[in-house]
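[1] Just to be clear, the model below is a prediction. Sequence and coordinates:
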Amino acid sequence: MKHTSDCIAIVQTKAVATPILKEKSIDFMGTSSGASFQQQQQQMPPPRQQSRTPGLQTSLSLASSEACGSADLRGPISHPDNVRESPSESASSRETWPTEQTRVEVVAEHSRHKKEMEREKETEEESERPEQTVVHRVANSDRILLRDVAGKGLDVITERMREQPEEFLEDLKAELRVILEGTGGLQHREEFALLQKLVQGRSDLTPESMSRAHRVQLEVFVAIKTGIQAFLHPDISVTQTVLIEIFSHKRCRNIACQSQLPADDCSCEICSTKSGFCSLCMCVICSKFDFEVNTCRWVGCDTCSHWTHTDCAIRAGQISMGTSLKGGTGSSEMLFRCRACKRTSELLGWVKDVFQHCAPDWDREALMKEFDCVRRIFHGSEDSRGRKLFWKSEELLENLKTGAADEAAVCEVMQRFFQGLVSPNKWQFFLLFKFF
C-alpha cells in the first residue's frame, strides 16, 4: 500500500508540475527564435505581424479575449495606442495565440475582406466604363470631319458645331494643324489640296453668310484658304470680323501685320490685281511673307517702297547690271528693277547702309547668311566696286566659317571697306526697313 501511495503521489506531483513546465516553455518560446517557433510561424503568422486590415485585427482581438477571459487583456483592445508588448503579451504567447477554430475564422474573414475589395474595384471600373463608352459613341456617330466643314452647307455645320463638346472642336483644329505641317508627306499634301478645292469652289461663303458661322468654322476656312496654321493655334485670338475680312482678301493674312488692303491705298498694278497682296510685308514676286527684318535678304524699292525677296529677284532676273542715273554719271553697276513700279534702285549703297545700321546686332550665323546673300547679289557684277564687294564678302564668309575672325572683327573690316569704297558725299541713300 505504501508503494502504491508513493506512486500516486509521484503521479500527482508530475501532474502538478507539467503545467508549470509547459508555461515556462511557452514563455521561453515567446522570446526566442528557435525551430519550434519557426514551425508555428509557418502554420499561422503571429497576429501583430499580419497586415493591418481592420477586419483581421478585430477577429484576432475578439479571439484573444474569448480565449483568456481576462479583463487585463481586454484593456489594450479598448485602447490600442497604449499596447506595450511583453513576453507574456507578445504575438507568440499562449494567451494571445489563436486557437484552431480562430485561425479558420481569421482566414475566412481575410478571404471575405479581399473579395469585398475586389468587388468594390470592379464596381468602380464598371461605373467608369459607361461614361467612356458614351463619349466614344458620340465621337463616332456625330463627329464632324474636315471635309464636312469644307464642303457641306454652312448653316448645317454651324448648328452641328454648336452641339459639339469643346474638346471635339479642338481635336478638329489639331487635325488640320497636322495636315498643314505636312509631316504626313504625300497623303497630307493631297488631303490639303482636296480641302482647298472644296473651299475655293464654294459660292455661298460671303461676308454676310459667314457672319452667322461658328468661330471654329471661320478658323478652319481661313486656315485652309491661306495655308497658315497660326489661325488654329489656341494662344492666338483673332476676331470673327477680322477672320471674315482675311478670307475675303480685305485684310492682310499676316497676323503680325493685318493691314487693310490695299495697303496705303496703293493703286499699282500688283496691289490692284493680286488678291490679298500686302505691299508692306509681302514679296512682289512670290506674294509670301516672313519675319526677317533689317537684312539684305529683302530688297526695297527706292521709289514705291514695295519689297522683294532677294532670292526671288535673282531668280526672276530683277537683279542685273544696268546704267545708274544717280549722280548724273551714267555708270554701269548692279541694279534692282522693281516689278511693281518698273523703276531701278542701285544695290551697292543699299548693302552699305544695311551693314552700317544692322551688322552690330547680328550674331555669327546671321553674318554668314548676310555675306552669302551679298556674294550672290554681286556674283555677276562687272564694275570694279561690285567685284571688290563680291571678293570681300567671300573672304569674310570663309573667315567666319573657319573661325579665323570673330563677329566684331569682321564687322570692323567691313566698315573700313565701305569707307574706302564709297565716297560719303557721292551716295545719298536712306535705308527702308521692312516692317509689319
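    Alright, I've got the coordinates.

[2] quick one: low-confidence ranges for the chain?
    Within the chain, the ranges that satisfy pLDDT under 70 run 1-111, 113-114, 121-141, 325-330, 422-436.

[3] helices or strands up against whichever strand or helix holds F390?
    Here F390 is covered by helix 384-402, with elements defined by DSSP states H and E. Applying 3 or more C-beta pairs under 8 Å, 6 or more residues apart in numbering; DSSP states H and E, we find helix 384-402 packed against strand 332-337, helix 348-358, helix 364-377, helix 407-421. All C-beta spots, glycine's among them, are computed from the backbone N, C-alpha and C.

[4] Include distance to F277 and mean neighbour count when you put these into JSON lines, please.
    Shown next, in JSON lines, are the helices and strands packed on helix 384-402 (distance: least, C-beta to C-beta, whole Å; neighbours: other C-beta atoms under 10 Å):
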{"stretch": "strand 332-337", "distance to F277": "19", "mean neighbour count": "20"}
{"stretch": "helix 348-358", "distance to F277": "23", "mean neighbour count": "19"}
{"stretch": "helix 364-377", "distance to F277": "24", "mean neighbour count": "19"}
{"stretch": "helix 407-421", "distance to F277": "34", "mean neighbour count": "15"}
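
[5] Make CSV out of these and add distance to Q200.
    Formatted as CSV, the helices and strands packed on helix 384-402 follow (distance: least, C-beta to C-beta, whole Å):
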stretch, distance to Q200
strand 332-337, 33
helix 348-358, 39
helix 364-377, 35
helix 407-421, 47
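
[6] quick one on the thing from earlier: could you check the helix holding F390 and say which residues are buried?
    Using 16 or more other C-beta atoms under 10 Å as the test for burial, helix 384-402 gives G386, K388, L389, F390, K392, S393, E394, E395, L396, L397, N399, L400.

[7] ok, which stretches of the stretch 201-350 of the chain are helices?
    Along the stretch 201-350 of the chain, counting by DSSP state H, counting those that start in this stretch, helices occupy 207-210, 215-226, 240-247, 269-273, 310-315, 348-358.

[8] Other residues contacting the third one?
    Same thing as helix 240-247. Residues from elsewhere that reach helix 240-247 (C-beta atoms under 8 Å, 6 or more residues apart in numbering): 205, 207, 210-211, 215, 218-219, 221-222, 225-226, 231, 238, 251-253, 258.

[9] List the buried residues for that helix?
    So helix 240-247, judged by 16+ other C-beta under 10 Å, has buried residues V242, L243, I244, E245, I246, F247.

[10] cool, and the fifth one?
    Applying a neighbour-count criterion of 16+ other C-beta under 10 Å, the buried positions in helix 310-315 are T310, D311, C312, A313, I314.

[11] go on, the first one?
    Neighbour-count burial for helix 207-210, counted by 16+ other C-beta under 10 Å, picks out M210.

[12] Can you name every helix or strand that that helix contacts?
    Under the contact rule (3+ C-beta pairs under 8 Å, 6+ apart), helix 207-210 is packed against helix 240-247.

[13] The helix it packs on to helix 215-226, inter-axis angle?
    20 degrees (axes from the mean of the first three to the mean of the last three C-alpha atoms, to 10 degrees).

[14] Send me helix 240-247 as CSV with only the CA atoms.
    Output of helix 240-247 as CSV, limited to C-alpha atoms (Å, rounded to 0.1, in the frame of the first residue of the first chain):
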residue,chain,number,x,y,z
GLN,A,240,-14.5,86.9,-86.2
THR,A,241,-14.7,90.1,-88.2
VAL,A,242,-11.0,90.0,-89.0
LEU,A,243,-11.3,86.3,-90.0
ILE,A,244,-14.0,87.2,-92.5
GLU,A,245,-12.0,90.1,-93.9
ILE,A,246,-8.9,87.9,-94.3
PHE,A,247,-11.0,85.2,-96.0
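
[15] Please list all residues in contact with F289.
    Contacts here follow C-beta under 8 Å, 6+ apart; on that basis F289 touches N254, C257, C278, C281, M282, C283.

[16] from the residues you listed, which two are the most distant?
    Greatest spacing in the contacts of F289, by C-beta to C-beta: C257 and C283 (13.3 Å).

[17] quick one: which of the two has more around it?
    For C257 versus C283, neighbours defined as other C-beta atoms under 10 Å are more numerous around C283 (21 against 16).

[18] Who is the residue lying closest to the more buried one once chain neighbours are set aside paired with across the strands?
    Using C-beta to C-beta, 6 or more residues apart in numbering and skipping the chain neighbours, the partner closest in space to C283 is H309 (4.5 Å). Here H309 sits in beta bridges with W298, going by DSSP bridges.

[19] Could you pull up the residues touching H309?
    C283, I285, C286, K288, R297, W298.

[20] What distance do you get for the first one to L347?
    Computed with C-beta to C-beta, to the nearest Å, the distance linking C283 and L347 is 17 Å.

[21] Look up how far D363 lies from N399.
    Counting by C-beta to C-beta - N399 and D363 are separated by 15 Å.

[22] How about D264?
    In terms of C-beta to C-beta, D264 sits 33 Å off from D363.

[23] between those two, which one's more packed in?
    Neighbour totals were compared for D264 and D363, and D264 leads with 14 against 8 (other C-beta under 10 Å).

[24] Would you agree that one is in contact with C278?
    No: between D264 and C278 there is no contact under C-beta atoms under 8 Å: 9.8 Å.

[25] Make a markdown table from the contacts of F289 and add distance to D353 to it.
    Output for these, formatted as a markdown table (distance: C-beta to C-beta, whole Å):
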| residue | distance to D353 |
| --- | --- |
| N254 | 25 |
| C257 | 24 |
| C278 | 24 |
| C281 | 20 |
| M282 | 22 |
| C283 | 20 |
